[in-house]
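*Asks:* This is a predicted model, with the sequence first.
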Amino acid sequence: MIELSKDPQIAERQIEAVIFYLTTCGYIDSEFDLREKSFVRSFLRKLVTARVDQQGDLDPELRFEQIEQQHEHYVELFQQVDYEVKSLFTEAVADGEDVDKFVISKLKLRCFELFEGLSENNRGALLQIVDDFINADGVVHPEEVKFRNELAALLGQARMTDDDATSEAVVAIEKPTEKPVPKNDHPFFKTFEHHYSADPAQIRSQIEADIRLLEKTEAKWAQMRSAGNGKLQGKRRVDELEGEGFLDGHVHCVPQGGNRDYELIVLGDLHGCYSCLKGAVMQSEFMEKVRRYRADPENNPDVRLVLLGDYIDRGRFSFNGVLRGVLNLFNTVPEHVFVLRGNHEYYIEYGGRIYGGVKPADAINSLQTLLPDEVFERYLKFFEQMPNSLLFDNLLFVHGGIPRDELLQKKWHGLWNLNDDDIRFQMLWSDPSRAEMVPKDLQAASARFAFGRQQFRKFMQHIGCSLLVRGHEKFNAGFRDHYPRDDIRLLTVFSAGGVANEDLPEDSNYRDVRPMALTISRTGSETKVTPWAIDYRSYQDPDRNAFFRDDPGLTS
């Protein structure tokens, strides 16, 4: 039997590790059957019984009550873990990647993270429990044994040391808050809030207008790239950058000299949730703040809108809502809006046809029977032109995270390598892990790979940044501070979702998410991050959103 810590918080993590590993093993052979689930429940009862009996002689009724309460708690945790594991099978994967293999790599990573926190004795005890579990359904499945042995081998690897960790916080992270909703709509949005028509001639006309918007955006990026070309060359850290902001290749840079105040409004994945985009822009008073700054820059902070990618798929308003809205914002005030690429803004050409580079690719699939491939070829080319990252002061913004260790060792020499094709691709797909270091084999297991805390710290120290803000990963809270005790911080923000969000299908698990946005402000020498909830409901009112007033037409 695994020996639980007397510290309740540590004991909770130990039991979570047991539950997650047993649940994972249940899915390795593709079917988590009733005998295996019965084994987990029975084991949890034995575990809590031993835990309660450690307290000494208890009154029989009190003993029974405590065992039942704890057992019920951990069965509920087991059901929650079971739901989370099943949800992994709905995650987006790269084109050509096997969903089952992706899920197994994610499960192996999570088990590795949880096992790292156990003592050597408890690891051995847990592996023995797993051996018993593997036999619970009467059949020893080769995949279960392989998974168990691979994890045991990974845990035998040496750990990195963390000599550079400090406790002084450079950025203050505040608790999530609410923002008021303006009473009135804004005329800016009314020019482009219209559905795609089911009429073939009319939708062609609408698509032509959208393509003109792509061309206008590309022309502006080309102008910016011409002015910023080569400015990253030879620069290894952000404190070596100077001058005004520029776009070099696929990297936006805004060096910050002196103590100039700024305010950044940051949105994560929007995934066709136009009501979330509009709600966030209105709640943040972005356009009014731009007007104030332009009128009096000495007495108002420099305000910017940072969009972290994944504008399309999942929701009802991909091309005709979110992407169209984002590009109109950029073209109206291009020096105040950063439009970054997400992994869903990735199409591929194969056999003369265009396909979504992630599975499922809802937006292209919903329109492909109505429009010629030339339209999606145009979007493919546009997505390739999208900037990937933003260096603002000593802050890094990117959709996913940092590249694999192996690629960094091979290709990284300085900031100019942020434009390398392979590095750009990997930074669209990676996720942070709770582990200190993710081994090479686990990083190589999937296109959507993980990196550990120390790998993150090393990369950020190399480039001189104190905060990375990303999207990409669905957290039901809409926000996560991954390493809250560290001086170098990593934040995830997810801006799509909502339990009553009609922009999403009724059965979408994105409805479990509370969509969030961030405000990052610097006043003097203080940098502060404030997460806040997006009020999408107010922008599903037909008086505030023409998509809910007019004939629904087609979705994208």
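*Replies:* Perfect, I can see it now.

*Asks:* Would you map the helices across the stretch 51-200 of the chain?
*Replies:* 60-88, 99-116, 120-134, 142-155, 200-228 (DSSP state H, counting those that start in this stretch).

*Asks:* For the first one, buried residues please.
*Replies:* I take that to be helix 60-88. Along helix 60-88, these residues count as buried under the neighbour rule (16 or more other CB atoms under 10 Å): Q66, I67, Q70, H71, Y74, V75, L77, F78, V81, D82, V85. From N, CA and C alone the C-beta is placed, and that goes for glycine too.

*Asks:* Tell me the gap between it and the middle of its chain.
*Replies:* 29 Å (CA atoms, centre = their mean, to the nearest Å).

*Asks:* pLDDT weak spots in this protein?
*Replies:* 1-2, 29-31, 133-141, 155-169, 257-259 (pLDDT under 70).

*Asks:* For the helices of the stretch 51-200 of the chain, state which one has the densest average packing.
*Replies:* helix 99-116 (a mean of 20; mean count of other CB atoms under 10 Å).

*Asks:* D310: neighbour count?
*Replies:* Applying the criterion other CB atoms under 10 Å, we find 30 residues in the vicinity of D310.

*Asks:* quick thing: my sequence starts at 29, can you match it?
*Replies:* Yep, numbering from 29; the last one is D338 now.

*Asks:* Quick check: the gap between the spatially closest residue to it that is not a sequence neighbour and Y55.
*Replies:* On the basis of CB to CB, 6 or more residues apart in numbering, the spatially nearest residue to D338 that is not a chain neighbour turns out to be G370, at 3.4 Å. According to CB to CB, to the nearest Å, G370 and Y55 sit 28 Å apart.

*Asks:* higher neighbour count, those two?
*Replies:* Neighbour tally, G370 and Y55, criterion other CB under 10 Å: the higher count belongs to G370, 29 against 22.

*Asks:* Would you map the helices across the stretch 429-578 of the chain?
*Replies:* Using DSSP H, counting those that start in this stretch, helices in the stretch 429-578 of the chain cover 433-439, 449-457, 468-471, 481-491.

*Asks:* Return the member of the buried residues of helix 88-116 nearest to F487.
*Replies:* When these are compared for distance to F487, the smallest value, 29.4 Å, is given by V113; criterion: CB to CB.

*Asks:* Hmm, Y55 and that closest one touching each other?
*Replies:* Yes - checked against CB atoms under 8 Å, the pair V113 and Y55 is within contact range at 5.8 Å.

*Asks:* Spell out which residues sit in contact with F576, please.
*Replies:* E530, Q568, D569, P570 (CB atoms under 8 Å, 6 or more residues apart in numbering).

*Asks:* Just among these, which is most surrounded?
*Replies:* Neighbour tally across the contacts of F576 (other CB under 10 Å): the maximum, 19 neighbours, falls on Q568.

*Asks:* now the strands for the stretch 429-578 of the chain?
*Replies:* In chain order, the stretch 429-578 of the chain shows strands spanning 459-460, 478-479, 495-498, 507-509, 517-521, 544-551, 554-561, with DSSP state E, counting those that start in this stretch as the criterion.

*Asks:* how about CSV for the ones you listed, with mean neighbour count and distance to N149 added?
*Replies:* Supplementary listing: these in CSV, determined by neighbours: other CB atoms under 10 Å; distance: least, CB to CB, whole Å:
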stretch, mean neighbour count, distance to N149
strand 459-460, 22, 29
strand 478-479, 26, 27
strand 495-498, 24, 36
strand 507-509, 18, 31
strand 517-521, 24, 32
strand 544-551, 21, 41
strand 554-561, 18, 40
